[in-house]
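Trainee: Fold the following.
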Amino acid sequence: MRAGRRDPLAERPRRGGSRTRESRGAHRAEPANPGGLAAVGYFLGSTVPKRVQPPRLINVLLVSGVTLALTLFGYSTTQIYLRFSDPPDSGSPAPGAGERVPPTAEADAAQPGTGPGGSADSASSTVSVVSYETVESSATGFTGAVTVTNTGTAVLADWELALEFADATVTSVRDVDWRATEHGVVARAPDSSDGLGPGESVTLSFTAAGTAQAPVTCALNGRPCDLAGE
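Mentor: Numbering: from 1, shown residues only. Below is the predicted model of the structure:
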């Protein structure tokens, strides 16, 4: 090559050299003045929600396990609270409605002679004798007499005598208060009576329908009595 001669190839500029360097990366950056439409599009694109990734299986299992554990703990705590708040056992259940309570020893040891019309004081200090006799009889009925005698040391007040017959119906009783029963009669001292003093007696005369017969049972102030006489 001759000195001083210009090489046309060396002076020829590379095709697209400077333009290539200037335009490199232009597609990644925003233009200097994008304009109104481009700004609106960029704003709208930033407001679009991104796709949410579904929860992992391990996260779901972990949350479910924690929830179940808390639920079981709360349930066990409630059970313990209820157990401590139960009333203490009294040892024996109280009798319910309609359940019969057995009588106590005090009730069984009631004083004798406290039946209808009698008192404990008078019954404990009096001894009475009851006798019966048939006064007259016929084919359809008879008249009987029952005598009550106070052989004790206290007044026998407000006495009550109950008689029962096997096959007779009492139709009337004189000089006392009385009422007929299914198989006999109940006679009481009249309201005007002061009772039977020691050694005193009272006779009850009654009329009954049926064959002549003595009473089969006798009770004075609720206590059985033995009949003397026929």
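
Trainee: gap between Thr217 and Ser193?
Mentor: In this view, Thr217 and Ser193 are 24 Å apart by CB to CB, to the nearest Å. To be clear about C-beta, it is placed using only N, CA and C from the backbone, and glycine gets the same treatment.

Trainee: repeat for Thr169
Mentor: For Thr169, the distance to Ser193 - CB to CB - is 26 Å.

Trainee: Check Val63 too.
Mentor: In terms of CB to CB, Val63 sits 97 Å off from Ser193.

Trainee: for Pro215, same thing?
Mentor: For Pro215, the distance to Ser193 - CB to CB - is 22 Å.

Trainee: Which one of these two is surrounded by more residues?
Mentor: Pro215 (23 against 15; other CB atoms under 10 Å).

Trainee: The residue lying closest to the more buried one once chain neighbours are set aside: neighbour count?
Mentor: Counting by CB to CB, 6 or more residues apart in numbering, Leu163 is the residue found nearest to Pro215 once chain neighbours are left out, at 4.2 Å. Counted with other CB under 10 Å, residues neighbouring Leu163 total 29.

Trainee: check which helix or strand covers Leu163.
Mentor: Assessed by DSSP states H and E, Leu163 sits inside strand 160-164.

Trainee: And that strand, what does it pack against?
Mentor: Strand 160-164 sits against strand 141-150, strand 184-188, strand 217-220, with contacts defined as 3 or more CB pairs under 8 Å, 6 or more residues apart in numbering; DSSP states H and E.

Trainee: so of those, which one's packed in deepest?
Mentor: Ranked by mean neighbour count under mean count of other CB atoms under 10 Å, the helices and strands packed on strand 160-164 are led by strand 184-188, which reaches a mean of 21.

Trainee: Give me the sheet partners of that strand and which way each runs.
Mentor: Paired strands of strand 184-188, with direction, are strand 160-164 (antiparallel), strand 177-180 (antiparallel) (DSSP bridges).
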